[in-house]
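Student: just need the structure, nothing else, for what follows:
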Amino acid sequence: MLNNIIIFLSIAFTTFIFGKCYIFLWSKIKELNSTPSGFGVMLPLVLIIISIIKSDLFIFPISSVFIIFLAGLIYLIDDFKGLHHWIRISIAFIFGALLFFVEVQNVSYSNVIIICLIILFGVISVGLTNMMNFYDGADLNIASIILLAGIILFHYPGIDGQTYKNIGIVFCSFSIGFGVFNRKPNSLYLGDAGSFVMALFFLYFLISFFISKNVPVELITVLALPLFDVFYVMLIRLYYKHDMLSRNYLHLYQRIDILYGSFFHIVPQLTNVLAIISLSRLINIFLMDKTYSLLLAGFIFTPIFYLICRYLFIERSYFFGDGK
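Tutor: So this is what the prediction gives:
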């Protein structure tokens with residue numbers, strides 16, 4: 001336990017120092033007059049550095065983390081200068097497909113199935129990247145997602161439990177170090193590159209679960225509310241014929257933050273995760289399958305809980321509307 005605490009504090013402090021340096025370097029580049037963004041690329045870098053210094057902490061292919069780090073570095077161009085949306089989509093698809101291709105090397109699938117799965121995980125990568133982008137901001141929103149994922153990874157009791165426990169410590173400590181800055185407006189963002197990095201991490205966990213099932217399936221609870229929120233807002237924007245590439249403030253967390261502030265918008269996310277896990281344990285008594293229990297609990301609880309929150313906590317004109 002003492003060793004875990006030392007690792008946690010060391011990484012949190014290192015992340016804080018990285019944040020200070022990142023903000024300083026950003027301010028010295030004349031072309032960058034906006035809020036420092038793209039800090040999320042530091043997360044895979046921290047994992048790589050730790051795996052080099054103390055290789056026994058992680059028993060997983062470091063090549064996947066290198067791919068995620070490389071993807072983040074390329075996507076960093078979007079934070080610096082901006083990229084055309086088709087280029088962003090292409091990058092997300094290519095690296096999602098590449099991540100699956102690397103992980104599937106030791107699995108016996110036919111070529112046709114592999115090609116189909118490469119396309120599938122490429123598309124999933126695009127979807128997860130856009131979802132994470134919608135949730136990035138100076139409000140601890142995506143920092144809370146990283147923290148929740150870290151807590152779940154830390155408590156995983158599976159075969160590779162110690163590896164996931166250590167990854168969980170890195171996620172939690174990174175979210176704390178990053179959150180010190182991110183809680184303040186216009187200070188430091190995970191950015192498009194960081195959102196892409198987090199999307200690829202979740203994709204990596206999904207691929208690993210698909211191949212070996214030796215991954216904490218509870219991670220899906222962290223994505224349940226954001227996924228439904230993005231889906232719901234897309235329906236609103238399609239119905240009102242919005243430009244789908246334009247910025248909007250229709251998401252549940254955004255409306256709650258605008259009305260109440262004080263990070264109250266984090267509460268629904270935390271509540272949804274805890275409720276799904278609790279409900280799944282009840283369902284598991286009858287289904288006897290953890291994965292299906294979690295999926296069923298998520299499908300049942302998340303939409304109902306989301307609509308209740310949207311009805312109770314935001315303006316009526318935004319329940320299914322754009323406020324106009």
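Student: mind listing the helices for the stretch 101-250 of the chain?
Tutor: 111-134, 141-154, 161-182, 191-212, 219-239 (DSSP state H, counting those that start in this stretch).
Student: for residue 41, find the nearest of those.
Tutor: Closest to residue 41 of the helices of the stretch 101-250 of the chain is helix 191-212 (CB to CB; 5.1 Å). Every C-beta, even on glycine, is put in place using the N, C-alpha and C of the backbone.
Student: which stretches of the stretch 201-324 of the chain have low pLDDT?
Tutor: Per-residue confidence for the stretch 201-324 of the chain (pLDDT under 70) gives no ranges below the cut-off.
Student: same question, the stretch 1-150 of the chain
Tutor: Low-confidence segments of the stretch 1-150 of the chain, defined by pLDDT under 70: 30-31, 56-61, 137-138.
Student: one more pass at 90, please.
Tutor: Where the stretch 1-150 of the chain drops to pLDDT under 90, the residues are 1-8, 25-36, 47-64, 78-85, 102-111, 114, 134-141.
Student: would you turn the helices of the stretch 101-250 of the chain into TSV with mean neighbour count and distance to residue 71?
Tutor: Shown next, in TSV, are the helices of the stretch 101-250 of the chain (neighbours: other CB atoms under 10 Å; distance: least, CB to CB, whole Å):
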stretch	mean neighbour count	distance to residue 71
helix 111-134	18	9
helix 141-154	23	17
helix 161-182	22	17
helix 191-212	23	6
helix 219-239	19	19
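Student: I'd like those helices as CSV, with distance to residue 324 appended.
Tutor: Shown next, in CSV, are these (distance: least, CB to CB, whole Å):
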stretch, distance to residue 324
helix 111-134, 20
helix 141-154, 25
helix 161-182, 31
helix 191-212, 28
helix 219-239, 11
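Student: out of those, flag the one nearest residue 20.
Tutor: Between the helices of the stretch 101-250 of the chain, helix 161-182 lies closest to residue 20; by CB to CB that is 8.5 Å.
Student: and residue 91, what does it touch?
Tutor: By CB atoms under 8 Å, 6 or more residues apart in numbering, the contact list for residue 91 reads 71, 74-75, 83, 196.
Student: what about those, which are in helices?
Tutor: Residues of the contacts of residue 91 located in helices (DSSP state H): 71, 74-75, 196.
Student: my guess is residue 35 contacts residue 190. True?
Tutor: No: counting by CB atoms under 8 Å, residue 35 stays clear of residue 190, with 11.3 Å between them.
Student: and those two? Which one has more around it.
Tutor: Higher neighbour count among residue 35 and residue 190: residue 190, with 31 against 15, using other CB atoms under 10 Å.
Student: so what's the backbone phi/psi at that one?
Tutor: phi -60, psi -30 (degrees, to the nearest 10).
Student: distance-wise, check it relative to residue 4.
Tutor: Computed as CB to CB, to the nearest Å, the residue 190 to residue 4 distance reads 24 Å.
Student: next one: residue 284
Tutor: As judged by CB to CB, residue 284 and residue 4 stand 28 Å apart.
Student: neighbour count: the two, which is higher?
Tutor: Neighbour totals were compared for residue 284 and residue 4, and residue 284 leads with 17 against 13 (other CB under 10 Å).
Student: OK, contacts around the more buried one?
Tutor: Residue 284 makes contacts with 290, 293, as judged by CB under 8 Å, 6+ apart.
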